[in-house]
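Engineer: Okay, sequence plus prediction incoming.
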Amino acid sequence: MLFPDGSYYDETERVLTQAEYDQHYGDMQDPLRPLPYALKAIFSSATLLFLGCSLTVDRTIKILGQLSSQPVVPEHYAIVEAPDSQEDFRLRRRALSGLRIVPIWYPRARHHSVEVLLRALCSPTPEPCREVAPSGRGPPYSATS
């Protein structure tokens, strides 16, 4: 597991305040800052599964965005909550796609589904998953929606 902003339990490496973010990330222009350098190396060399991340505009996602147009960057995956509307779904899917992140959707406000998805992913003989519309309303979202 990778916690780029550190852990609650280790205050020496935790990044929570603006001053701590500035110290660890810098102005994002210095390619040799330890944290951006490490994240670029990780994002470029391994497929990641994002879990419990907003994946919206923050410094970590900006670093991934800088790399996403390079063909050597692997696709990544994220378990994310499905938006309420088809339009929000399309926008969110497009934003994640631009970061080379393939979303694995779970129904809105059904956070227990994350455990079900993780168990299915870890199972030696996974059962087929079915697509589910948010809140059980309307047709299921598909990869082509």
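Structural biologist: On my side now, so go ahead.
Engineer: so who does residue 95 touch?
Structural biologist: Residues in contact with residue 95 (C-beta atoms under 8 Å, 6 or more residues apart in numbering): none are found. Yep, even glycine has a C-beta here, placed from its N, CA and C like the rest.
Engineer: just the helices in this protein please.
Structural biologist: Taking DSSP state H as the criterion, the chain carries its helices at 18-25, 34-45, 59-67, 86-98, 112-122.
Engineer: what's the most buried one of those helices?
Structural biologist: Of all the helices of the chain, helix 59-67 has the most neighbours on average by mean count of other C-beta atoms under 10 Å, namely a mean of 17.
Engineer: Which strands and helices lie in contact with it?
Structural biologist: helix 34-45 (3 or more C-beta pairs under 8 Å, 6 or more residues apart in numbering; DSSP states H and E).
Engineer: Tell me the helices and strands packed up against the helix it packs on.
Structural biologist: Other elements packing on helix 34-45 under the criterion 3+ C-beta pairs under 8 Å, 6+ apart are helix 18-25, helix 59-67.
Engineer: angle of that helix against helix 59-67?
Structural biologist: Taking axes from the mean of the first three to the mean of the last three C-alpha atoms, to 10 degrees, one finds helix 34-45 and helix 59-67 inclined to each other by 50 degrees.
Engineer: quick one: low-confidence parts of the chain?
Structural biologist: Along the chain, segments meeting pLDDT under 70 span 1-18, 20-21, 24-31, 126-145.
Engineer: Rebuild the helices of the chain as a markdown table, extending it with distance to residue 76.
Structural biologist: Output for those, formatted as a markdown table (distance: least, C-beta to C-beta, whole Å):
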| stretch | distance to residue 76 |
| --- | --- |
| helix 18-25 | 20 |
| helix 34-45 | 7 |
| helix 59-67 | 8 |
| helix 86-98 | 9 |
| helix 112-122 | 14 |
